[in-house]
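Trainee: Below are the sequence and a predicted model; questions follow.
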Amino acid sequence: MNRPPTPAKRPSAKLSTLEIPKVVDSARASRIKTGLNLLLGVIDTSMLTLAFLLGYEIRRAQFEAEITTPYPSLERYLLLMVFHIAAILALLYAGRLYHARRSFSRFDHARQVIGNITIGAVFIFGVYDLLFKGTALDIDYPRAMFFYIWLLSVVLVLAGREFHRALLRIARVRKVAADNLLIVGSSKVAQDLLSSIRSRPDLGYNVVGVVDRQANSRERVKDVAFLGEYHELPKIIDEYQIEQVIIALPDDRRADLPDIVALCQRGRVDIKVLPDVFAYMAGDMNVDDLGGTPLLTVRDIALRGWKLSVKRAMDILGALGGLIFLSPFMLLTALIIRLDSPGPVFHTQERMGLDGRPFPMIKFRSMRTDAEKGNQPGWTVKNDPRVTRVGKVIRKLNWDEIPQLINILLGHMSLVGPRPERPQYVQEFRQNIPRYMERHREKAGLTGWAQVNGLRGDTSISERTRYDLWYVENWSIWLDIKIIIRTAWQTVTRSSPNAY
């Protein structure tokens, strides 16, 4: 049961230097979130109904254009339509597609929706005939009509859910459907967490303030109210209608974690803990059983066995197809580069790939020939004066990377994987960044999970490493396909982050 709004209270002396953010009325926000969830069910039902009706009309018009016999009336298909809609809605619900998530990939979401619609449509296509064949409810359900209904269901449901997503985002950004959030901790860990939350208002968090072990820690986190110390957590949670607590403690204070969790267990408060170094090192931890003894797996490689053969086959087919289809454009690019500036068309650099072995990576030359005079590697930055006129264009479009299809064909690289770095940088990063060399457990890629998330060019190497390691430990065929699609989309729309 939701708590009633708490009347605004005058800030205490310790808050006099910083205004407390407005507390969202949790009861009102809960009603809005429930209404939006119900609206999603209404939208799905409406879209599935419309898809069935349109599919029926398309098939009826096609049938009557070919054959003069009248097509069965819509009333004969109403029971089939009810079963079709009910089955798909049940599968969407079972697949947790009516649980509002703070952040999700459109590709993953679309894949789940398409999969559930397909299963539901095929199930009803077979079961309806099995249950009602030879009865008064028996009706011909032609394959063409089934295909039209399935296709329209996919398109319309995805469109309806995109509309709902836009409504949900507006409600969260305007904080009418946001959760009051309390951050426990005020070190750099908490500051980084706060920055991430504020960069994504669509996540639906209303940051009320922070709590820390001592009051004098308030200066460590900027632009947020310090609400009190650990022992005041129960009072603070009740007073400010806190619904979400994120514990962001530095590693040397993890001993406080059990006590903090116990203090936060109030009503329906959700408690989350920012992973520490061990969790980061462990990646996606799994629990195995050894004769009744649990074993925690902290190192696992997703890409091995038959998966290596599948990935290599994808690489060969993709590289061959790309080189054949793109060869005219590559020749035109080579000609333009030669006309734009003196020097070779291609530029090769030594990069480190699988198991830290070096290989010559091929690119279209996008810089002046003296860009690395003295053999000193130089990190490319925005508006880099070393980049040629043609280079600015092809780098923005990622077109300078296309010759690496040759590296992929030769087995030096893969279509998708961690981007390779130069040996000089690798030697530096391996000394300063934990687990950096573990990204070399897989082949380097033409594109990667870090790159499609904006971590390319002059960006954080530690963040890039974190994304690369997640890819290595969570590889799947679908993940590779998703990364390739996102890369192509970002290239076509010229929305590739930090491409220069």
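Mentor: The structure has been received and is ready for your questions. Residues are numbered from 1 along each chain as shown.
Trainee: and the closest residue to residue 274 other than its chain neighbours, how many neighbours does it have?
Mentor: Closest residue in space to residue 274, ignoring its immediate chain neighbours: residue 248 at 4.3 Å, by Cβ to Cβ, 6 or more residues apart in numbering. (Each C-beta comes from the backbone N, C-alpha and C, glycine too.) For residue 248, the count of nearby residues is 23 (other Cβ atoms under 10 Å).
Trainee: list the contacts for residue 248?
Mentor: 183-185, 187, 189-190, 193, 274 (Cβ atoms under 8 Å, 6 or more residues apart in numbering).
Trainee: One more: residue 33?
Mentor: By Cβ under 8 Å, 6+ apart, the contact set of residue 33 is 100, 177.
Trainee: what do you get if the cut-off is 10 Å, keeping everything else the same?
Mentor: Contact analysis of residue 33 by Cβ atoms under 10 Å, 6 or more residues apart in numbering lists 100, 168, 171-172, 176-179, 204.
Trainee: Of these, select the buried ones using a PyMOL command.
Mentor: Buried residues among those (16 or more other Cβ atoms under 10 Å), as a PyMOL selection:
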select buried, resi 168+171+172+177+178+179+204
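Trainee: Which of the contacts of residue 33 fall within helices?
Mentor: Here DSSP state H is the test, and the contacts of residue 33 give 168, 171-172 as lying in helices.
Trainee: if we take those, which one ends up nearest to residue 238?
Mentor: residue 172 (24.0 Å; Cβ to Cβ).
Trainee: which phi and psi does the nearest residue to the closest one once chain neighbours are set aside have?
Mentor: Spatial nearest neighbour of residue 172, excluding adjacent residues (Cβ to Cβ, 6+ apart): residue 204 at 3.7 Å. Main-chain dihedrals, residue 204, degrees, to the nearest 10: phi 80, psi 30.
Trainee: Residue 204 reaches residue 170, doesn't it?
Mentor: No: contact between residue 204 and residue 170 fails when scored by Cβ atoms under 10 Å: they sit 11.0 Å apart.
Trainee: Domain-wise, how is this protein divided?
Mentor: The chain breaks down into these domains under automatic domain parsing: 13-24+178-274, 26-173, 306-492.
Trainee: Contacts for stretch 141-152 next, please.
Mentor: Contacts with stretch 141-152, where a contact means Cβ under 10 Å, 6+ apart, come from 47-48, 50-60, 62-63, 71-72, 77, 80-81, 84, 88, 114, 117-118, 120-122, 124-126, 128-129.
Trainee: how does it look with 8 Å?
Mentor: 50-52, 54-56, 58-59, 62, 80, 84, 117-118, 121, 125, 128-129.
Trainee: quick one, what contacts residue 214?
Mentor: Contact analysis of residue 214 by Cβ under 8 Å, 6+ apart lists residue 229.
Trainee: And for residue 323?
Mentor: Going by Cβ under 8 Å, 6+ apart, the list of residues near residue 323 reads 330, 405-406, 409.
Trainee: Verify the stated contact: the residue nearest to residue 172 with residue 179.
Mentor: Yes: applying Cβ atoms under 8 Å as the test, residue 204 and residue 179 come out as touching, 6.1 Å apart.
Trainee: Look at the residue lying closest to residue 201 once chain neighbours are set aside and say how many residues are nearby.
Mentor: Excluding the flanking residues, the one nearest residue 201 by Cβ to Cβ, 6+ apart is residue 173, at 4.7 Å. A count of neighbours around residue 173, defined by other Cβ under 10 Å, yields 15.
Trainee: before we move on, what about residue 141?
Mentor: Using other Cβ under 10 Å, residue 141 has 18 other residues around it.
Trainee: With residue 93 instead?
Mentor: The burial count for residue 93: 14, using other Cβ under 10 Å.
Trainee: Low-confidence stretches in this protein?
Mentor: Counting by pLDDT under 70, the chain has low-confidence residues at 1-21, 68, 134, 215-221, 251-252, 266-267, 275-305, 371-383, 458, 495-500.
Trainee: Swap in 50 and give it another go.
Mentor: Applying pLDDT under 50 to the chain flags the ranges 1-18, 218, 277-283.
Trainee: how close does the residue nearest to residue 274 get to residue 434?
Mentor: Counting by Cβ to Cβ, to the nearest Å, the gap from residue 248 to residue 434 is 19 Å.
Trainee: if we can go back for a sec, how close does the residue nearest to residue 274 get to residue 222?
Mentor: Separation of residue 248 from residue 222 (Cβ to Cβ): 15 Å.
Trainee: same thing with residue 76?
Mentor: 67 Å.
Trainee: And the ones in helices among the contacts of residue 33, which is closest to residue 25?
Mentor: For the ones in helices among the contacts of residue 33, the nearest to residue 25 is residue 171 (13.4 Å; Cβ to Cβ).
Trainee: more crowded one of residue 76 and residue 222?
Mentor: A count of neighbours by other Cβ under 10 Å puts residue 76 above the other of residue 76 and residue 222, at 14 against 9.
Trainee: shouldn't the more buried one be in contact with residue 138?
Mentor: No: between residue 76 and residue 138 there is no contact under Cβ under 8 Å: 9.5 Å.
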